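**Student:** Quick one, fold the following:
(chains A and B)
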Protein chains: 2
Amino acid sequence: MVYDSDRRERETDLVVASQFVTPEHIRRMRKDGGGLICTTVPATAWKRLGIPYLADLFNEARGSHPLLGELVPNDIPYDIKSAFAITINHRRTFTGVTDRDRALTISQFSKMVGEALGFSGPDEELRKTFGRLFRAPGHVTLLNASEGLLSTRSGHTEMATALVSESGLIPSATICEMMADNGKALSKTAAMAYAGDNGLCFLDGNDVKSFWESLATRRATPAPGKRSEGVCQDGR
Amino acid sequence: MVYDSDRRERETDLVVASQFVTPEHIRRMRKDGGGLICTTVPATAWKRLGIPYLADLFNEARGSHPLLGELVPNDIPYDIKSAFAITINHRRTFTGVTDRDRALTISQFSKMVGEALGFSGPDEELRKTFGRLFRAPGHVTLLNASEGLLSTRSGHTEMATALVSESGLIPSATICEMMADNGKALSKTAAMAYAGDNGLCFLDGNDVKSFWESLATRRATPAPGKRSEGVCQDGR
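**Tutor:** Numbering: from 1, shown residues only, chains lettered A, B, ... in the order given. Predicted coordinates:
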């Protein structure tokens, strides 16, 4: 679980590495989270695959669809640009929305990300593979992580992608905002209590950010020494 | 609650008239439904406002984004075309995803639909009003209902819109698919039990369709006689 910041959305997201997503994760996200279930894409992958931001698509289409020019998202209270990219379904899904269908779309998409990062052939071939396996629009929203991750944007998209990436996994995370019963986002206190009750790790965005920055510094100036034990608040 | 058909998605959706949506409805939809929370737009309104289908936007953008040409949704198992349109947030929302924010977006959007249907000025003025109040992309997915409603398509989008429209309300419904704990959609039997337990009305798509057709026939050939009592299975 990752809380972003008191100065941003003030929201906690449930976070899973996309490669490990099962129907049970989707069930927990929709029942205990309640926000949108979205899958992050690292910049190298969305660039090679050619996955556009929805805001860019809408902006480019304003000539033929003048309404899109009126709906310009120039007043997001907590950021400059949303991470929303296109929505997809795996072609083997039925409706695309069940826990099984979304888990299939997400876990198979993470394989696609892994392939995009390691593939030495032309991008066009990657895009053809993607299109053979997936269709759009669908029921899983992709979120394009900004290039440079936490050095350029500090959203859940970038934090979750950074965590999964630093863990040596395929750098795509699946995230879902946690809601409370009072119409608002779940408070930080209530989210920490949920983490305790469910044996989950709760991370504060500021800690994720400083941990990530320390790793970046270490990578830039390699030195001997023990690897940090991480920042999980219960000591794990 | 509306079940579509054994020969289609085999899914039950929770349905509310958009003009009456409160944060409590959004909470029930995300906790007891679990699918995507979407808001329907009748054809007259999406045409006047210029709300595009997402599939059309993606298709039109395939020149500059070749990936979108690969992801063509030409193999949806239960229909020819999905109803997905753009996603929106009201500009007065904060993150856009909380129950309060989504209820605000939806109830205010229904006013926009009402205005679009009754407005005698130019469409451009309607679009400017829409853009002054809303931004895109956002956290509420709009679904464009097909022209001719149930005479052309029998999705939840058309059935819910037809029900709300025939009730004399603003013809926009907010719907959410109901999921089960086994990874699949909630079965028809379990959905009927939920309706009973919660004092909700459960409608079978075939009944909605024949009721709607009978009303259409009656409109075409006006005759005296009592109005039908409807098709709610518990007799209401």
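
**Student:** Can you pull out the low-pLDDT segments for chain A?
**Tutor:** Residues of chain A meeting the criterion pLDDT under 70: A:222-236.

**Student:** any idea which strand is longest in it?
**Tutor:** Of all segments of type strand in chain A, defined using DSSP state E, the longest is strand A:134-144.

**Student:** Tell me who's in contact with the residue positioned nearest the centre of chain A.
**Tutor:** With distances taken as Cα atoms, centre = their mean, the residue of chain A nearest its centroid is residue A:40 (3.0 Å). Contact analysis of residue A:40 by Cβ atoms under 8 Å, 6 or more residues apart in numbering or on different chains lists A:18, A:83, A:142-145, A:157, A:160-161, A:172-175. Any C-beta I mention is one placed from the backbone N, CA and C, and that applies to glycine too.

**Student:** Swap in 7 Å and give it another go.
**Tutor:** A:143, A:145, A:157, A:160-161, A:172-173, A:175 (Cβ atoms under 7 Å, 6 or more residues apart in numbering or on different chains).

**Student:** sorry, back to before: any bit of the longest strand of chain A sitting next to chain B?
**Tutor:** Yes - using Cβ under 7 Å from any Cβ of the partner chain, strand A:134-144 reaches chain B at A:134-137, A:139.

**Student:** Same check on stretch A:58-66?
**Tutor:** Yes - residues of stretch A:58-66 contacting chain B under Cβ under 7 Å from any Cβ: A:58, A:60-61, A:64-66.

**Student:** same check, this time on stretch A:109-120
**Tutor:** No - Stretch A:109-120 lies out of reach of chain B by Cβ under 7 Å from any Cβ, never closer than 11.3 Å.

**Student:** And the contacts of that stretch?
**Tutor:** So stretch A:109-120 is contacted by A:18-19, A:39, A:41-42, A:44-45, A:48-49, A:88, A:126, A:130, A:133, A:170-172 (Cβ under 7 Å, 6+ apart).

**Student:** quick one: the residue nearest to the centre of chain A is in a strand?
**Tutor:** Yes - counting by DSSP: H, G, I helix; E, B strand; the rest coil, residue A:40 falls inside a strand.

**Student:** how near is residue A:49 to residue A:13?
**Tutor:** Per Cβ to Cβ, to the nearest Å, residue A:49 is found 24 Å from residue A:13.

**Student:** higher neighbour count, the two?
**Tutor:** residue A:13 (26 against 22; other Cβ atoms under 10 Å in any protein chain shown).

**Student:** Residue A:213: neighbour count?
**Tutor:** 12.

**Student:** typo on my end, residue A:182
**Tutor:** That count, for residue A:182 with other Cβ under 10 Å as the rule, works out to 14.

**Student:** do the same with the one 10 residues further on
**Tutor:** Other residues near residue A:192 number 19, with proximity taken as other Cβ under 10 Å.

**Student:** swap in residue A:124?
**Tutor:** 12.

**Student:** which residues in chain A form strands?
**Tutor:** Secondary structure of chain A (DSSP E): strands at A:2-3, A:12-17, A:34-41, A:84-90, A:134-144, A:173-178, A:203-204.

**Student:** Tell me which of those lies nearest to residue B:35.
**Tutor:** strand A:134-144 (8.1 Å; Cβ to Cβ).

**Student:** partners of that closest one in the sheet?
**Tutor:** Applying DSSP bridges, strand A:134-144 is found paired with strand A:34-41 (parallel), strand A:84-90 (antiparallel).

**Student:** Give me the contact list for that strand.
**Tutor:** Taking Cβ under 7 Å, 6+ apart as the rule, strand A:134-144 contacts A:36-41, A:46, A:51, A:53, A:83-91, A:96-97, A:102, A:105-106, A:157, B:36, B:54-55, B:58, B:68, B:71-73, B:75, B:82, B:84.

**Student:** quick one, that strand and strand B:173-177 angle?
**Tutor:** Angle, strand A:134-144 to strand B:173-177, by axes from the mean of the first three to the mean of the last three Cα atoms, to 10 degrees: 100 degrees.

**Student:** Dump the C-alpha coordinates for strand A:134-144 into PDB.
**Tutor:** Output in PDB follows, covering the C-alpha atoms of strand A:134-144 (Å, rounded to 0.1, in the frame of the first residue of the first chain):
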ATOM      1  CA  PHE A 134      -5.100  -7.300 -27.000                       C
ATOM      2  CA  ARG A 135      -7.900  -5.100 -28.200                       C
ATOM      3  CA  ALA A 136      -8.800  -1.500 -27.200                       C
ATOM      4  CA  PRO A 137     -11.000   0.000 -25.800                       C
ATOM      5  CA  GLY A 138     -11.300  -2.400 -22.900                       C
ATOM      6  CA  HIS A 139     -11.900  -2.700 -19.100                       C
ATOM      7  CA  VAL A 140      -8.300  -2.200 -17.800                       C
ATOM      8  CA  THR A 141      -7.000   1.400 -17.800                       C
ATOM      9  CA  LEU A 142      -3.300   1.700 -18.600                       C
ATOM     10  CA  LEU A 143      -1.300   4.500 -16.900                       C
ATOM     11  CA  ASN A 144       1.800   5.800 -18.600                       C
END
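
**Student:** Distance from it to the middle of the chain?
**Tutor:** Distance of strand A:134-144 from the chain centroid (Cα atoms, centre = their mean, to the nearest Å) equals 12 Å.

**Student:** And stretch A:86-100, by the same measure?
**Tutor:** 17 Å.
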